[in-house]
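[1] Sequence plus predicted model, see below.
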Amino acid sequence: MDLEKPPRDARDVAPGAGQSAEGCLTVAVRVPVRIVVLVLVLPVRMAWDALVVAGRFLGRTVLRPLGRAVLWLARAVFFWPVVGLWRYVLVPLAKGVGWLGVVLVVRPVQWVYRWVLTPVGHALGWVYARLIVPVGLGLWAALVWLARYLVVLPVGWLHRWVLAPVGRALAWCGRGVAWCVRMVVTGVGTALYWTGRVLLVLPVLALWRWVLAPVGRVLAVIGREVGAALGHAWRVAGYISLAVGRFLGTLLRWIFVEPVRWVYRTVLAPVGHLVRDYVLRPVAEAARGAGRAVRQGLASVRASVRQARADVRRALFGAPRQARPVDRREPSGAEARTLGSSTTALTKD
């Protein structure tokens, strides 16, 4: 097993080779550019991080509940009325219109097609097949014969003996004229090419090679270093902003949160427990006992009132009549027929 991995590029082979190959211009531009860019980017990064934190807090506490409320309101105002209109108005109306269309349009059209158009179409087809087609074939054959002997053969003779020789002569003359024009154009083009090359191309090539290319390389180095410095400064500013945020969070925690937690844990919680154990619970027990006593007193008062009302009714109207038993001619348990008796329960009287 090979434990030594080959280097991916030349930078893994020699750490200092890349720096030595960059040149003095790159090294001279890099450090001041990075310092200036860091000074310019650090406030922007800190402001950006503060805006991100504020945006997250605002979105979690304000925008999400507001969005849910707006969504519910939109559903209540727009969605459900539209759904109700579609379900209970438009769909039944469309079904009624479709039924009317079927009854008033489709069925009559089907009847007309079946009992009028189809027989007429069959009759026209018979006329076309039996009369029009034979007559048309005869006329077509006559027209073809006339066209062959009156048009095609004369036109072929004219093309072979008149137009073709004239066309060959004109083509030969055209080729000669085109050769002359080509030679003139080639000479003029060659002269213009060398004139443009000497007067325009060579100066432009010299300007590009000796002026624009070196300036472009310098600007490319400066732009590349500025871009790298921006990325480096943005990352460093992020670390600085993170450290500042953690410091401020820790400071706020030790100034506000920890004292509040200590006061709650050491003062408010014991006081609350004492109030709960020695004030609220006895008061609650006393309130529950008073409630039970009041309920028992009310129950006894209601029973006394019912008893007094019953005594007054008995004194005024007398005792209520007792219900007399009615003989329904149904045998009791002792009078029912047994295995040793000779009579039934219905005949026994």
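    Nice, I can see it.
[2] By mean pLDDT, which helix or strand of this structure comes out lowest?
    helix 10-13 (a mean of 42; mean pLDDT, DSSP states H and E).
[3] pLDDT on the strand or helix carrying Val52, on average?
    Assigned by DSSP states H and E, Val52 belongs to helix 24-58. The average pLDDT within helix 24-58 is 80.
[4] same question, stretch 229-249
    Mean per-residue pLDDT for stretch 229-249: 86.
[5] same thing with stretch 179-196?
    Stretch 179-196 comes out at a mean pLDDT of 89.
[6] For that stretch, list the C-alpha coordinates in CSV.
    Written as CSV, here are the backbone C-alpha positions of stretch 179-196 (Å, rounded to 0.1, in the frame of the first residue of the first chain):
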residue,chain,number,x,y,z
TRP,A,179,-12.8,35.7,-65.3
CYS,A,180,-12.0,39.2,-66.2
VAL,A,181,-13.8,40.6,-63.2
ARG,A,182,-12.2,38.1,-60.9
MET,A,183,-8.7,39.1,-62.1
VAL,A,184,-9.4,42.8,-61.6
VAL,A,185,-11.0,42.2,-58.2
THR,A,186,-8.0,40.0,-57.1
GLY,A,187,-5.5,42.7,-58.1
VAL,A,188,-7.4,45.4,-56.3
GLY,A,189,-7.9,43.2,-53.2
THR,A,190,-4.2,42.3,-53.0
ALA,A,191,-3.3,46.0,-53.2
LEU,A,192,-5.8,46.9,-50.5
TYR,A,193,-4.7,44.0,-48.3
TRP,A,194,-1.0,45.0,-48.3
THR,A,195,-2.0,48.7,-47.9
GLY,A,196,-4.2,47.9,-44.8
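[7] how distant is it from the center of its chain?
    Remark: stretch 179-196 is offset 64 Å from the chain centroid, using C-alpha atoms, centre = their mean, to the nearest Å.
[8] For it, list every residue counted as buried.
    When burial is assessed from 16 or more other C-beta atoms under 10 Å, stretch 179-196 yields no buried residues. Using the backbone N, CA and C atoms, a C-beta is placed for each residue, glycine as well.
[9] In terms of pLDDT, where does the residue sitting nearest the centre point of the chain sit?
    The residue lying closest to the centre of the chain (C-alpha atoms, centre = their mean) is Leu71, at 15.4 Å. With respect to pLDDT, Leu71 scores 91.
[10] which SS class is it?
    helix (DSSP: H, G, I helix; E, B strand; the rest coil).
[11] who's in contact with it?
    Residues counted as contacts of Leu71 (C-beta atoms under 8 Å, 6 or more residues apart in numbering): none.
[12] likewise Leu316?
    Leu316 neighbours (C-beta under 8 Å, 6+ apart): none.
[13] quick thing: my sequence starts at 22, can you match it?
    With the count now opening at 22, the last piece we talked about shows up as Leu337.
[14] and Ala75, how many neighbours does it have?
    In terms of burial, Ala75 registers 10 neighbours under the definition other C-beta atoms under 10 Å.
[15] measure Thr139 to Ala150 for me?
    Applying C-beta to C-beta, to the nearest Å, the value for Thr139 to Ala150 is 16 Å.
[16] Could you do Arg96 as well?
    According to C-beta to C-beta, Arg96 and Ala150 sit 67 Å apart.
[17] Check Arg256 too.
    Arg256 is 89 Å from Ala150, by C-beta to C-beta.
[18] same deal with Arg81?
    Per C-beta to C-beta, Arg81 is found 83 Å from Ala150.
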